[in-house]
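Participant: Okay, structure incoming, though there's no sequence with it:
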Ligand SMILES: [Cu+2]
C-alpha cells in the first residue's frame, strides 16, 4: 500500500520537527545572563564562570556618578598592564585590543544592558567616563579583568532588534525613527574608528550637543539630559543589541570616543537630537 499524500505530509513535517536546522538551533539559545555591579570606582563581576556565546550584560550602578562597562578583548596573550600602557601611550587602540561593546551610561541607582556574542579569552571591563574633575574613572581604578571560558553548549546567535542603528565616521543612522515604547536596537559599527552610543533623554529645550558640552565642562549646573541606554566602545565591525524604553519627548545620541585629533566624536557630528512621539 502506498502512503497517502496526507500521511506523507505528516511524516515530512514530523521529520522536520525532529531535525531542526542549524539556524533554528542557534536562535533558540537564550542568552547567558551576567550582572556587572559598578561602584565609585570599581566593578564587581559574578563569582561564577562566564562562558563564550550569546550573553546579556546587565550593568547595575550602585555609585553616585554615571558609569559604563566597556569590554575590551585582549588578544595575543596581552594583559591588563599591557592595555594600560597602550592607553598611556595614546593614539588608537592597538590591533590586539578589540573593543567589543558592553552596557553604556547607567545613571546612579540605574541600569544599562547590552547583548552580544562573547568569544573565549581575556577581557578587561573598564569605565572611561570622566568625573566632574575631568579624570576618567579608569584612572581611579575602575578596570578589572574578566576571563571568558570556552562554550559548554550551543553558542546561539545575536537576534535582530526591531531598530537598526549604524555607527559611522562621524554620524548615526537609524533604519527607522524610534517611536515611544520599548525597543531593541541592533547597533553595528560600520566606521573605521571605535565608536560608542549614549542614548540620552533630554530636558525640555535641550540638545545632544549641550549634553556633550556639559560633560566636557565638568558637569556644572543641572544636567541637560539623563542617559537611558546605549553601548560602550565598539571596534569596526562589532555588533551589539541594547534594549531601552522611550517616552514621548526629545532624545539625543552621542559618541564621546576621541578621534585622531583628540576631540570627541560628538564634536565632529556624532551628536544628534531627535523627537519621539
Ligand atoms: Cu565610571
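Facilitator: Structure received. Just so it is clear, the model here is predicted, and its values are computed rather than measured.
Participant: what residues does the stretch 51-200 of the chain put near the ion?
Facilitator: Contact residues (CB under 5 Å from the ion) of the stretch 51-200 of the chain with the ion: 67, 127, 129, 137. Using the backbone N, CA and C atoms, a C-beta is placed for each residue, glycine as well.
Participant: Give me the nearest residue to the first one, chain neighbours excluded.
Facilitator: Closest residue to residue 67 in three dimensions, ignoring its sequence neighbours and counting by CB to CB, 6 or more residues apart in numbering: residue 38, at 3.9 Å.
Participant: One more: residue 256?
Facilitator: Using CB to CB, 6+ apart, the closest residue to residue 256 is residue 264 (4.9 Å).
Participant: Assess the claim that the one you found and residue 211 are in contact.
Facilitator: No: using CB atoms under 8 Å as the test, residue 264 is too far from residue 211 to be in contact (11.4 Å).
Participant: Compare the two (neighbour count), which wins?
Facilitator: residue 211 (26 against 18; other CB atoms under 10 Å).
Participant: need the contact list for that one.
Facilitator: Residues counted as contacts of residue 211 (CB atoms under 8 Å, 6 or more residues apart in numbering) are 200, 202, 223, 224, 225, 252, 254, 271.
Participant: which residues does the second one bridge with?
Facilitator: It refers to residue 202. Beta-bridge pairing for residue 202 (DSSP bridges): residue 225.
Participant: How about residues contacting the host helix or strand of the residue nearest to residue 67?
Facilitator: In the assignment (DSSP states H and E), residue 38 maps to strand 32-39. Outside strand 32-39, the residues within contact range by CB under 8 Å, 6+ apart are 43-46, 50-51, 53-63, 67-69, 103, 106, 118, 125, 127, 142.
Participant: Kindly recompute the last result at 7 Å.
Facilitator: 43-46, 50-51, 53-63, 67, 69, 106, 125, 127 (CB atoms under 7 Å, 6 or more residues apart in numbering).
Participant: do the same with stretch 93-108
Facilitator: 38, 57, 59, 61, 63-76, 78, 83, 86, 112-114, 116, 194, 196-198, 226-227, 230-235, 238, 240.
Participant: what about burial for these, which qualify?
Facilitator: 38, 57, 59, 61, 63, 65-74, 78, 83, 86, 112-114, 116, 194, 196-198, 227, 230-235, 238, 240 (16 or more other CB atoms under 10 Å).
Participant: Which members of these are positioned in helices?
Facilitator: 83, 86 (DSSP state H).
Participant: Please list the members of the buried ones among the contacts of stretch 93-108 that lie in strands.
Facilitator: 38, 57, 59, 61, 70-74, 112-114, 116, 196-198, 227, 230-234, 240 (DSSP state E).
Participant: what are the ranges of the helices in the stretch 101-250 of the chain?
Facilitator: 208-216 (DSSP state H, counting those that start in this stretch).
Participant: which stretches of it form strands?
Facilitator: 111-118, 121-126, 143-149, 163-168, 171-174, 181-189, 195-202, 225-234, 239-246, 249-254 (DSSP state E, counting those that start in this stretch).
Participant: Any buried residues in the fifth one, and which?
Facilitator: So that's strand 171-174. Quick answer for strand 171-174 (16+ other CB under 10 Å): 171, 172.
Participant: any idea of the mean pLDDT in it?
Facilitator: Regarding strand 171-174, the rounded mean pLDDT is 98.
Participant: With the last one instead?
Facilitator: For strand 249-254, mean pLDDT is 98.
Participant: quick one: contacts of that strand?
Facilitator: 172, 197-202, 207-208, 211-212, 225, 266, 270-276.
Participant: cutoff 6 Å now
Facilitator: 172, 197-198, 200-202, 208, 211-212, 266, 271-276 (CB atoms under 6 Å, 6 or more residues apart in numbering).
Participant: Quick one, which of those are buried?
Facilitator: Using 16+ other CB under 10 Å as the threshold, 172, 197-198, 200-202, 208, 211-212, 266, 271-273, 276 are the buried ones among the contacts of strand 249-254.
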